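1. sequence first, then the predicted structure:
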Amino acid sequence: MMFIDTHAHMISRTTDDYEAMAASGVVAVIEPAFWIGQPRTNVGSYIDYLSAIIGFERFRAGQFGIRHYCTIGLNSKEANNEELAENVMEILPRFALKDGVVAIGEIGYDDQTELEDKYFRLQIELAMKLDLPVMVHTPHRDKKSGTYRSMDVCKEHGIDPSKVIIDHNNEETVKEVLDRGYWAAFSIYPSTKMGTARMVELLHQYGGNKIIIDSACDWGISEPLAVSKTARLASLQGISDDVIKLVTYQNALDAYGQSGQMKESDWLNPPPIDQRTFYQGNSILRGQREPVIQDPKSKRNKDDLSID
């Protein structure tokens, strides 16, 4: 089965993770711009980070047969540093128009401060100007009110709910998100956001319409194979292949494909894998092993979407 992981901070993961994800059926990942575990001190560090996720990381993923996309935005944590935030807002438009950028995000609230609100609104306006979807980060604390507030703000600005993906949902938020017409994404992240068994129960309850499953894997205790593992458990517990396809593949393509940057042909007709190639003088091999060279004749089949 083919999977799309719509929320994966791959810059913090190893090449072993890319290999394992590809072997599990992941054909594409979306890397949201976010903080790096500690505060950035100047806009230059932001420029370098954004350049990495649209540049070398895209190349690195391709060396393992995975198509890499990203979202561009000022995250809610660093929105509270107003001097930094103002400088970042000036550079965002030039990055948002780069190849492979499928949304503005992840943006929203952390502690629901005035500055977070200010820059959330400015970035919604930027997304609307550029006709890009929006990936909304819902807060870990006071999630229900933060999620509802995020949707209220989106409504105030007049952005079409079909262009907004509300991420990190749980049992408290999903019904309202779906009832308001937004995409409801769930991060299968151990102990904190959503577990596989809970996710399968929600699929029994809500079906697959406008629901997306992602991993949110990052530098913490997280699972880069969360999407494929959830699909496997869902199949074992009686969820149909059609629903599994929706929540692990098709809904992701429909939501982020609105950017015009993400097409199914990107992975159905992939370029060859040739690990002898370089990106700005750098290789993934570091002289450690024989390079993988794979002819694209073994193209993925669009209909190869059943659980093995």
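-> Sure thing, it's come through.

2. least confident secondary structure element in the protein?
-> Ranked by mean pLDDT, DSSP states H and E, the weakest helix or strand in the chain is strand 273-274, scoring a mean of 68.

3. other SSEs contacting the next helix or strand after that strand?
-> Sequence order places strand 293-294 as the next helix or strand after strand 273-274, per DSSP states H and E. Judged by 3 or more CB pairs under 8 Å, 6 or more residues apart in numbering; DSSP states H and E, the packing partners of strand 293-294 are strand 273-274. Where you see a C-beta, it was placed from the backbone N, CA and C, and this is true even at glycine.

4. give the pairing partners of the helix or strand encompassing residue 107; include direction for each.
-> Using DSSP H and E, residue 107 sits within strand 101-108. The strands beside strand 101-108 in its sheet (DSSP bridges) come out as strand 67-72 (parallel), strand 134-137 (parallel).

5. how far does the first one sit from the chain's center?
-> To tie it back to what came earlier, the one meant is strand 67-72. The chain centroid and the centroid of strand 67-72 are separated by 7 Å under CA atoms, centre = their mean, to the nearest Å.

6. now it - C-alpha only, PDB.
-> The C-alpha coordinates for strand 67-72 follow below in PDB (Å, rounded to 0.1, in the frame of the first residue of the first chain):
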ATOM      1  CA  ARG A  67       9.100  12.600  -2.700                       C
ATOM      2  CA  HIS A  68       9.600  15.400  -0.200                       C
ATOM      3  CA  TYR A  69       7.500  18.500   0.100                       C
ATOM      4  CA  CYS A  70       7.300  21.100   2.800                       C
ATOM      5  CA  THR A  71       5.300  23.900   4.400                       C
ATOM      6  CA  ILE A  72       6.700  27.300   5.100                       C
END
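
7. just the buried residues of whichever helix or strand comes after it, please?
-> Following strand 67-72 in sequence order, the next helix or strand is helix 82-96 (DSSP H and E). Buried residues in helix 82-96, counting neighbours by 16 or more other CB atoms under 10 Å, are found at 84-85, 87-89, 91-92, 95-96.

8. ok, now stretch 109-123?
-> Within stretch 109-123, the residues scored as buried using 16+ other CB under 10 Å are 109-110, 112, 116-117, 119-120, 122-123.

9. wait, which of those is closest to residue 186?
-> The shortest approach to residue 186 among the buried residues of stretch 109-123 belongs to residue 109, at 18.0 Å (CB to CB).
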